[in-house]
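1. next comes the sequence, and after it the predicted model I'd like to discuss.
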Amino acid sequence: MASIPTGLPTPDADAQLRSQQLAQIIQQTIQNSNGWIAFSDFMQMALYTPSLGYYSGGAQKFGDFVMGGGDFVTAPEMTPLFGLTLANQVAEVLKQTGGDVLELGAGTGKLALTVLQGLKEKNQLPEHYYILDVSAHLRQIQKETLSAQLPADIFTRVQWLDCLPEKLTGVVLGNEVLDALTVKIVTLQNGIWYERGLIFEEGFQWHNKLLEDQYILSHLPVDLPEGYVTEVCPTAKAVIRSLANC
């Protein structure tokens with residue numbers, strides 16, 4: 001097991017309680033799954049368990065470039081120039097298609113805000129600006145951000161979806177989305193590929209199982225050194241395929 005980095009801030013009491021509750025859920029899931037779960041399942045629960053996961057919990061995640069706070073800063077949080085620049089390209093596509101915009105994983109709503117402001121300046125507002133976000137907590141923040149800073153006639157164009165639309169004409173935006181999707185971790189041992197997962201024995205521990213997923217096996221590189229560890233993200237390919245289909 002890798003050691004925990006030192007010098008990290010100590011979580012407050014509420015954060016520690018949520019972490020303990022989440023750990024108990026994951027531990028129970030492992031027990032209900034014959035003592036082992038894939039890392040992708042662990043990652044899914046750690047990030048997206050309702051009210052407890054990293055992205056679905058209430059703690060501040062997105063920091064402000066000037067004021068600080070949060071755990072990380074993304075480009076839309078740093079400056080409106082990112083969204084306004086992106087709006088230039090979006091406007092060109094909408095001019096040709098007359099379509100809508102779909103944003104995946106909209107964070108705090110800052111990107112949607114600046115893109116819509118830029119499209120307004122270019123007189124190229126879409127009829128709909130769809131947002132698809134799995135986090136109910138972030139969806140609420142997005143609604144608060146956009147309702148407070150957009151004129152009512154523009155805010156009414158924003159709609160939140162629970163799933164991908166069957167058909168879409170226009171533009172799909174996804175800023176730092178694919179890197180937040182769950183991954184499988186695989187390792188090469190004695191010339192055989194294994195999938196890394198977790199067991200619970202006096203704490204969470206790594207445990208390898210023979211990789212049997214033929215789809216993943218067929219997409220792994222060859223001629224790699226012994227002990228090689230890498231991650232595979234079939235979810236990303238599925239998302240891209242679904243977007244292409246609609």
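-> Looks like it came in fine. Numbering: from 1, shown residues only.
2. could you use CA atoms for every contact and neighbour count after this?
-> Fine.
3. quick one: low-confidence ranges for this structure?
-> The chain contains residues with pLDDT under 70 at 1-6, 58-72.
4. for it, which helix is longest?
-> When the chain is parsed with DSSP state H, its longest helix is helix 13-32.
5. run the chain-centre distance for that helix.
-> 21 Å (Cα atoms, centre = their mean, to the nearest Å).
6. touching, residue 166 and residue 246? I think so.
-> Yes. Contact criterion Cα atoms under 8 Å: residue 166 and residue 246 qualify, at 5.3 Å.
7. and the strands in this structure, which stretches?
-> 37-38, 100-104, 129-132, 158-161, 170-173, 184-189, 192-200, 204-210, 229-232 (DSSP state E).
8. within the sheet, what are the partner strands of the first one, with directions?
-> Same thing as strand 37-38. Using DSSP bridges, strand 37-38 pairs in its sheet with strand 192-200 (antiparallel).
9. quick one: buried residues of the partner strand?
-> Buried positions in strand 192-200, judged by neighbour count with 16 or more other Cα atoms under 10 Å: 193, 194, 195, 196, 197, 198, 199, 200.
10. report how many residues lie close to the closest residue to the last one other than its chain neighbours.
-> Same thing as residue 200. Distances taken as Cα to Cα, 6 or more residues apart in numbering place residue 27 nearest to residue 200, at 6.5 Å, with adjacent residues excluded. Neighbours of residue 27 under the rule other Cα atoms under 10 Å: 22.
11. quickly note the distance from the spatially closest residue to residue 236 that is not a sequence neighbour to residue 228.
-> Excluding the flanking residues, the one nearest residue 236 by Cα to Cα, 6+ apart is residue 178, at 6.0 Å. Residue 178 sits 23 Å away from residue 228, going by Cα to Cα, to the nearest Å.
12. compare these two (neighbour count), which wins?
-> Neighbour count, other Cα under 10 Å: between residue 178 and residue 228, residue 178 has more, with 16 against 11.
13. quick one: the more buried one and residue 159, what's the gap?
-> 22 Å.
14. same deal with residue 211?
-> On the measure of Cα to Cα, residue 211 and residue 159 end up 41 Å apart.
15. ok, the two, which is more surrounded?
-> residue 211 (16 against 13).
16. residues touching that one, list them.
-> Residue 211 makes contact with 186, 193, 194, 195, 217 under the criterion Cα atoms under 8 Å, 6 or more residues apart in numbering.
17. if we use 7 Å, what do you get?
-> 193, 194, 195 (Cα atoms under 7 Å, 6 or more residues apart in numbering).
18. the residue nearest to residue 53 when sequence neighbours are not counted: neighbouring residues, count only.
-> Spatial nearest neighbour of residue 53, chain neighbours left out: residue 47 (4.4 Å); criterion: Cα to Cα, 6+ apart. Neighbour count for residue 47, taken as other Cα under 10 Å: 18.
19. test my guess that residue 47 contacts residue 40.
-> No. With contact defined as Cα atoms under 7 Å, residue 47 does not reach residue 40; the gap is 10.6 Å.
20. the residue positioned nearest the centre of the chain and residue 44, how far apart?
-> Geometric centre of the chain, nearest residue: residue 180, 3.4 Å, by Cα atoms, centre = their mean. Here residue 180 is placed at a distance of 10 Å from residue 44 (Cα to Cα).
21. also residue 142?
-> Distance from residue 142 to residue 44, by Cα to Cα: 22 Å.
22. compare neighbour counts for those two and give me the winner.
-> Between residue 142 and residue 44, counted using other Cα under 10 Å, residue 142 has the larger neighbour count: 23 against 16.
23. surely that one and residue 112 touch.
-> No. Between residue 142 and residue 112 there is no contact under Cα under 7 Å: 8.7 Å.
24. who's in contact with stretch 88-97?
-> By Cα under 7 Å, 6+ apart, stretch 88-97 touches 119, 124, 169, 170, 171.
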